[in-house]
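Trainee: Show me the folded form of this:
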Amino acid sequence: MFSLPLGDRAELRPLDVWRAGEFLANLDRCRDYISPWVGRAFVATDLDSARTVLRRYADKHAADAGGIWGIWLDGTLVGGILFVSFDPAAGVAEAGCWLEPAAVGHGLVTRAMGHLLDWTFGVRGLSRVEWRTIAGNERSIGVAKRLGMRRDGVLREVNAAGEGGTRQDDEIWSLLAREWRA
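Mentor: Sure thing, here's the model as predicted:
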């Protein structure tokens, strides 16, 4: 197992299936906070569905097609980062994150994503990382900006994650390897 420091009290670690209980507790603390912004399939509601989410990302990781890592603050899982998709042949990945309200404002996601981007561009040699977020998610857009991403555009009414299944716009932000190195 690895652990990367994100500051004096925080660290980034793999979020393995056996941590489903911690993952569910984290989601219980941030469910209302993240639900407007993340897919319904991610926000597990019981231990079995938490295992299913983590198993899906473990399978993606084993297939070199994604992955999920947790952020621990003072020993408690408070959020994480993930590759929704990871395609080495195409040189493109889509990254994402979630965080509970008590952990917001410490720069944890930005630092964690910095480690992931270093690895993605420096070790794996991908050329582009995308960040997709529902338009209006200012916290997520702020992370994209802090990472040096550029707004590529808007996909109108592509996302049915809105309340009552209403369609929402997605913003696409991206970062190229040469921009990260600069």
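
Trainee: In this protein, which strand is the longest?
Mentor: Taking DSSP state E as the criterion, the chain has its longest strand at strand 76-87.

Trainee: Just the buried positions in it, please.
Mentor: 77-86 (16 or more other CB atoms under 10 Å). Every C-beta, even on glycine, is put in place using the N, C-alpha and C of the backbone.

Trainee: Give me the sheet partners of that strand and which way each runs.
Mentor: As defined by DSSP bridges, the strand partners of strand 76-87 come to strand 67-73 (antiparallel), strand 92-99 (antiparallel).

Trainee: So which of those strands is nearest E11?
Mentor: strand 67-73 (5.3 Å; CB to CB).

Trainee: Just the CA trace of stretch 88-99, in PDB.
Mentor: C-alpha atoms of stretch 88-99 as PDB (Å, rounded to 0.1, in the frame of the first residue of the first chain):
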ATOM      1  CA  PRO A  88      -3.800   4.800 -22.400                       C
ATOM      2  CA  ALA A  89      -4.200   3.900 -26.100                       C
ATOM      3  CA  ALA A  90      -6.000   7.200 -26.800                       C
ATOM      4  CA  GLY A  91      -3.800   9.100 -24.300                       C
ATOM      5  CA  VAL A  92      -6.900  10.500 -22.600                       C
ATOM      6  CA  ALA A  93      -8.400  10.200 -19.100                       C
ATOM      7  CA  GLU A  94     -11.400  11.800 -17.300                       C
ATOM      8  CA  ALA A  95     -10.800  12.700 -13.700                       C
ATOM      9  CA  GLY A  96     -13.200  13.600 -10.900                       C
ATOM     10  CA  CYS A  97     -13.500  14.100  -7.200                       C
ATOM     11  CA  TRP A  98     -15.800  14.400  -4.200                       C
ATOM     12  CA  LEU A  99     -15.300  15.800  -0.700                       C
END
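
Trainee: so how far is it from its chain's centroid?
Mentor: 8 Å (CA atoms, centre = their mean, to the nearest Å).
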